[in-house]
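1. sharing a model that was predicted from the sequence below.
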Amino acid sequence: MSTSRPSSKLSHPSSASTPSGDGFLRNSGAAHPQRTLADVREQVAQSIAARALRKALSVDGTRVAAILTLSKHDDERFLRAVAAHLKRSFMLRTDYLFAVATTRSAPQASNAAAVIICGSVPRMVRRAAMLAGSKFLNRVVEVYNEGSRWIGVVDDLGATPYDEAALWDILKKSAQRLVDPALPPPGSRSADLMLSDARARIERVNPSRACEELSEPAPFMPVILVDIRSERQRSKYGGISGSLCVERGALEFLFDPRSPQRLDVATRYDIRIILFDQEGDASSLAAASLQDIGLLNATDIIGGFRAWVKEGLPMAVRPHTLTAWEDEEDEES
C-alpha cells in the first residue's frame, strides 16, 4: 500500500483544518444571527459523529463503529471535522477506532469516495489501514497515514452491502488485543463447537435411511444425493453412481435458487438434499450452510461414504431429477 501524499483527489493535510466554531455574521441592527455554510457543515459533522457514537460496539475495551454518509463538498475536510468531534468525545475516557466514509448518491465522473479511519491508538489505525487495503483490493487508489488517522480514496465505496460490513470487520479485527497469540480471540469458536452447533440444527440420517429415501418410488419432494468429496477422494475410494458430485467450495452457489450459477435442479426450496463426504464431518457443516440459504430439508449421512460402504448398500442409486419428480407430481394431480 502506498503511503505517498496524494496530489489530485485529496487536499494537502495542512490546508484541511476544521471550520472555525463561531461562524456567525452579525449585522448591525439584525435581530438574529445568520448561520453560514461553515456552521451547517460543522453541525452535520457533529451529527454524524453522534450517530457513530450511538452505533459503537465495544471490542476488548475499544469502541468501534463504521458510518457511511453521502458525499459532501470537500470530503476530506468534512471527514476531518467528524474525526475531530470523535476525538473530543473520547478525550481521556477510553480507546476508540472509527471509520467514516462518504458515498456517491448518483453516478459521477469519478465514483471514488473518501474514507477516514481514526483512533486513539496508532497501532490499531495502522492495522486497520493494512486490512482496508486487503478488503478493498485494487480499489484503494490514494492513501496516506497520519498516525492516528488514515485517509484514503476507495472506488465505488458503498455500492454493495459488502462495503459497510467490510469496514465493520476491519475495525473489529483491528481492535482485538491478543496478549498471547496462542490464545483464541474473543468470540471465536473451535471446529468441534462449529460441528456440534451444525448438527444441533439438522436431522441427520444413517446410510440405510438415506438409501430408503432415494429408493422411494413416489417421494413427497425431490430427493438428491450429493457427493461433496474432492476429485482425489472419489478417485481413491470410489463413489455412488447416481449421486451428484459437487465439491464443497461450490456447494452454496450451485444450490441457492437465487444464484445465477445454480444448477437446473436448484429452482425450489423444498428439495431434499442428502450430502455425504468420506467420514461424515464436513457434510454436517455443509448441510447447515444450505439450511442458512433456506434449503431446510438439507441433511447429511452419518458416517459418510465409509459408513455407506460398511453397511454393504448399493453402489448405485436412482438419480432423482427435478423434471422426473415434477412429471410424477403432474400425473398424480
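-> Here it is on my side, so go on.
2. residues in contact with the closest residue to residue 293 other than its chain neighbours?
-> Of all residues not flanking residue 293 in the chain, residue 256 sits nearest, at 5.0 Å (CB to CB, 6 or more residues apart in numbering). Backbone N, C-alpha and C define where each C-beta goes, glycine included. The contact partners of residue 256, by CB atoms under 8 Å, 6 or more residues apart in numbering, come to 262, 266, 293.
3. pretty sure residue 63 sits in a strand.
-> Yes: assessed with DSSP: H, G, I helix; E, B strand; the rest coil, residue 63 lies in a strand.
4. is it true that it touches residue 57?
-> Yes: Residue 63 lies in contact with residue 57 (CB atoms under 8 Å); the separation is 7.3 Å.
5. would you mind measuring from residue 162 to residue 156?
-> Between residue 162 and residue 156 the computed distance is 11 Å (CB to CB, to the nearest Å).
6. any weak-confidence spans in the stretch 1-150 of the chain?
-> For the stretch 1-150 of the chain, the stretches flagged by pLDDT under 70 are 1-33, 72-73, 92, 104-110.
7. can you give me the strands for it?
-> 24-25, 34-35, 57-59, 62-70, 95-103, 112-119, 140-145, 149-155 (DSSP state E, counting those that start in this stretch).
8. what is the second one packed up against?
-> It refers to strand 34-35. With contacts defined as 3 or more CB pairs under 8 Å, 6 or more residues apart in numbering; DSSP states H and E, strand 34-35 has these neighbours: strand 24-25.
9. I'd like to know how many residues surround the residue nearest to residue 121 when sequence neighbours are not counted.
-> Distance criterion CB to CB, 6+ apart; nearest residue to residue 121, sequence neighbours excluded, is residue 95 at 5.6 Å. Residue 95 has 18 neighbours, counted by other CB atoms under 10 Å.
10. thought residue 208 was touching residue 311?
-> Yes: between residue 208 and residue 311 a contact is recorded at 6.2 Å, counting by CB under 8 Å.
11. one step back: distance-wise, check the residue nearest to residue 121 relative to residue 244.
-> Distance from residue 95 to residue 244, by CB to CB: 51 Å.
12. picking that back up, and residue 63 and residue 57? which has more neighbours close in?
-> Between residue 63 and residue 57, counted using other CB under 10 Å, residue 63 has the larger neighbour count: 24 against 13.
13. where in the stretch 201-333 of the chain is pLDDT low?
-> Using pLDDT under 70, the stretch 201-333 of the chain drops low at 320-333.
14. got the residue ranges for the helices in it?
-> Assigned by DSSP state H, counting those that start in this stretch, the helices in the stretch 201-333 of the chain fall at 207-215, 231-237, 251-255, 282-293, 304-310, 322-332.
15. which one of those is the most hemmed in?
-> The highest average neighbour count among the helices of the stretch 201-333 of the chain, using mean count of other CB atoms under 10 Å, belongs to helix 282-293 at a mean of 21.
16. pull the residues that contact it.
-> Helix 282-293 is touched from outside by 194-195, 197-199, 201-202, 204, 228, 248, 251-252, 255-256, 273, 275-277, 298-301, 304, with contacts defined as CB under 8 Å, 6+ apart.
17. what about burial for those residues, which qualify?
-> Listed as buried from these are 195, 198-199, 202, 204, 228, 248, 251-252, 255-256, 273, 275-277, 298-301, 304; burial here means 16 or more other CB atoms under 10 Å.
18. quick one: neighbours of residue 144, just the number.
-> 17.
19. ok, now the one 3 residues further on?
-> Burial of residue 147, expressed as a neighbour count using other CB under 10 Å, amounts to 10.
20. now it, what are its backbone angles?
-> Per-residue torsions, residue 147: phi 90, psi -80 (degrees, to the nearest 10).
21. from residue 148, how far out is the residue lying closest to it once chain neighbours are set aside?
-> Closest residue in space to residue 147, ignoring its immediate chain neighbours: residue 122 at 4.7 Å, by CB to CB, 6+ apart. Applying CB to CB, the value for residue 122 to residue 148 is 5 Å.
22. break the protein down into its domains, please.
-> Listed domain ranges for the chain are 40-175, 198-311 (source: the TED database).
23. could those domains go into CSV alongside distance to residue 188?
-> CSV is the format used below for the domains of the chain (distance: least, CB to CB, whole Å):
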stretch, distance to residue 188
domain 40-175, 11
domain 198-311, 16
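24. so which of those is nearest residue 187?
-> Proximity to residue 187, assessed across the domains of the chain by CB to CB, is greatest for domain 40-175 (8.6 Å).
25. one step back: residue contacts, the residue nearest to residue 121?
-> Applying CB under 8 Å, 6+ apart, one finds that residue 95 lies in contact with 61-63, 119-121, 124, 175.
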